[in-house]
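Colleague: Next one to model:
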Amino acid sequence: MSSLNQFVAFHRSIRRYFKGYGGWGAVFGSPIFLISLAVTGVSYSNWIEAKWVSKSFDMIPSLLGFSLGTYAILFSLMTGRLKRALKAVKNSQGVNYLEEINATFFHFIFVQILCLMWAFLFDGSAVYDTARFMVSYYSGSMTIFRVAMLTGSFTGYLLLVYSFLLMLAAALAVYRIASITDPADG
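Modeller: Okay, the predicted model is just below:
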């Protein structure tokens, strides 16, 4: 498979997941995201001083391993009958429950990976080195860097809090599975 085909297939898969999850409205309108935003704002000392980076490196790999394991176990233990039952029930957007649950778990994992990647990039020094170099050409470069750093740090801490709170959404998805009945059962 050529590189272009791999990127096209990757893009299609991400688009399918995002549609199943509900799109940007489902992300930004979810109570979990809004609580994460509030917690991030209130916990400003964690992102002003970038304490979240080490917390991300400590927490996310373990959380990611647990998430991937749960995801794999959940979908490997699902029987054909349960999968058919989940496909038969649709949410208000017309997405079947199997796709919705799959997208919920994938979102949980995707945000964790995004958080870890954000921490890797934030922890690097290329942007800081560039800003220090630019000081001799533009005296305001360090101010611009500081604003960019605070914005990036806020975003990173938001991703960390959001990925942690998404455990609740994943648990609720499993809970919903237990409450769904097969339409064939009447």
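Colleague: in stretch 60-67, what counts as buried?
Modeller: Buried residues in stretch 60-67, defined by neighbour count with 16 or more other CB atoms under 10 Å: Ile60, Leu63, Leu64, Ser67. Using the backbone N, CA and C atoms, a C-beta is placed for each residue, glycine as well.
Colleague: Just those: which are in helices?
Modeller: Judged by DSSP state H, the buried residues of stretch 60-67 include Ile60, Leu63, Leu64, Ser67 as members of helices.
Colleague: correct me, but the first one touches Gln112?
Modeller: Going back to what we said before, that points to Ile60. Yes: under the criterion of CB atoms under 8 Å, Ile60 makes contact with Gln112 at 5.4 Å.
Colleague: Between the two, which contacts overlap?
Modeller: Common neighbours of Ile60 and Gln112 are listed as Ser163 (criterion: CB atoms under 8 Å, 6 or more residues apart in numbering).
Colleague: Now the element after the helix or strand hosting Cys115, going C-ward?
Modeller: Element membership for Cys115 (DSSP states H and E) is helix 97-123. Remark: after helix 97-123, the chain's next helix or strand is helix 126-134, criterion DSSP H and E.
Colleague: Can you work out which other helices and strands pack against that following helix?
Modeller: helix 141-179 (3 or more CB pairs under 8 Å, 6 or more residues apart in numbering; DSSP states H and E).
Colleague: Centre of the chain to the helix it packs on, how far?
Modeller: Its chain's C-alpha centre and that of helix 141-179 lie 7 Å apart, by CA atoms, centre = their mean, to the nearest Å.
Colleague: Please apply the same query to stretch 54-63.
Modeller: 14 Å.
Colleague: Identify the residues contacting that stretch?
Modeller: The contact list for stretch 54-63 (CB under 8 Å, 6+ apart) reads Asn46, Gln112, Cys115, Leu116, Trp118, Ala119, Gly156, Leu160, Ser163, Phe164, Met167.
Colleague: what comes up buried for the helix holding Cys115?
Modeller: For helix 97-123, burial by neighbour count (16+ other CB under 10 Å) applies to 97-112, 114-116, 118-119, 122.
Colleague: next one: stretch 27-43
Modeller: Neighbour-count burial for stretch 27-43, with 16+ other CB under 10 Å as criterion, is recorded at Ser30, Ile32, Phe33, Ser36, Val39, Thr40.
Colleague: how about the nearest residue to the last one once chain neighbours are set aside, what does it touch?
Modeller: Going back to what we said before, that points to Thr40. Counting by CB to CB, 6 or more residues apart in numbering, Thr40 lies nearest to Leu158, which is 4.5 Å off, once chain neighbours are set aside. Counting by CB under 8 Å, 6+ apart, Leu158 makes contact with Ser36, Leu37, Thr40, Trp47.
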